[in-house]
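Enquirer: here is my input; please provide its structure:
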Amino acid sequence: MYIDLLPALRPARVAWNKGRIVGQKRPLLPRHVWSIRVRLEMADNARDLALFNMALDSKLRGCDLVGLRVRDVFAAGRVKERGSMIQSKTDKPVRFENTETTRLSLERWIRNPEMIGLEFLWPSRVHGSPHLSTRQYARIVRNWVTAIGLEPSAYGTHSLRRTKVAQIYKKTVYLRAVQLLLGHTKMDSTVRYLGIDIEHALTLSEGIDL
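Expert: All right, here's what the predicted structure looks like:
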């Protein structure tokens with residue numbers, strides 16, 4: 001008996017990135033920051049407002065941001081103007097500033113009754129988890145950007161990490177400062193993170209006439 005062995009037909013699989021913007025996540029623009037902040041203030045969402053402001057100022061990776069403890073930012077009855085922590089990825093310290101806007105929102109959140117006696121700055125509402133997970137944080141960020149009409153696949157937790165340093169570089173072109181603020185050990189990492197390429201470098205160079 002002859003059997004024609006034909007290749008089995010498989011249903012076409014939809015690519016995981018179909019319809020999504022992939023690659024490096026975009027930093028927020030100042031108008032985006034303002035829009036999200038105003039929405040959180042109007043919603044009287046003390047935790048998310050403090051989390052948003054802290055993410056911008058600290059420039060920490062999501063895994064480090066969610067692991068912050070109250071003592072990392074609060075001492076002697078007030079929010080510190082500057083803080084530091086050991087990065088989980090590099091095991092090296094990085095310092096960050098807390099601007100007045102961030103300090104005010106942090107103080108309001110830390111003094112919230114539901115924070116009494118808690119160790120972590122962003123406690124999780126999931127039983128058995130001491131603080132927000134990176135996945136929960138990513139969902140929160142997605143809600144923020146969606147609420148102001150941005151394409152959620154173009155933005156993520158790294159958008160908040162990149163937002164302030166993108167503005168610093170734009171205004172100063174001072175790569176070393178950005179490297180220190182991000183806690184990068186190599187300048188190449190900073191260059192890639194900012195998305196600086198040869199065309200950008202040439203444009204900067206063209207603006208200098210000796």
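Enquirer: show me where this structure has its strands.
Expert: 74-75, 78-79, 82-86, 93-97 (DSSP state E).
Enquirer: contacts for the second one next, please.
Expert: Yep, that's strand 78-79 we're talking about. 73, 98, 102-103, 106-107, 110 (C-beta atoms under 8 Å, 6 or more residues apart in numbering). Where C-beta positions appear, they are placed from N, C-alpha and C, glycine not excepted.
Enquirer: including distance to residue 143, mean neighbour count and mean pLDDT, could the strands of the chain go into JSON lines?
Expert: Shown next, in JSON lines, are these (distance: least, C-beta to C-beta, whole Å; neighbours: other C-beta atoms under 10 Å; pLDDT from 0 to 100):
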{"stretch": "strand 74-75", "distance to residue 143": "26", "mean neighbour count": "15", "mean pLDDT": "93"}
{"stretch": "strand 78-79", "distance to residue 143": "25", "mean neighbour count": "16", "mean pLDDT": "94"}
{"stretch": "strand 82-86", "distance to residue 143": "26", "mean neighbour count": "15", "mean pLDDT": "90"}
{"stretch": "strand 93-97", "distance to residue 143": "24", "mean neighbour count": "15", "mean pLDDT": "90"}
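Enquirer: buried set for the longest helix seen in the chain?
Expert: Ranked by number of residues, the top helix in the chain under DSSP state H is helix 157-172. Buried positions in helix 157-172, judged by neighbour count with 16 or more other C-beta atoms under 10 Å: 157-169.
Enquirer: closest to residue 150 out of the contacts of strand 78-79?
Expert: residue 102 (22.0 Å; C-beta to C-beta).
Enquirer: number of residues surrounding the closest one?
Expert: Neighbour count for residue 102, taken as other C-beta atoms under 10 Å: 23.
Enquirer: so where's this protein uncertain?
Expert: 1-23, 196-210 (pLDDT under 70).
Enquirer: thought residue 70 was touching residue 110?
Expert: Yes. Residue 70 is within contact range of residue 110, at 6.1 Å (criterion: C-beta atoms under 8 Å).
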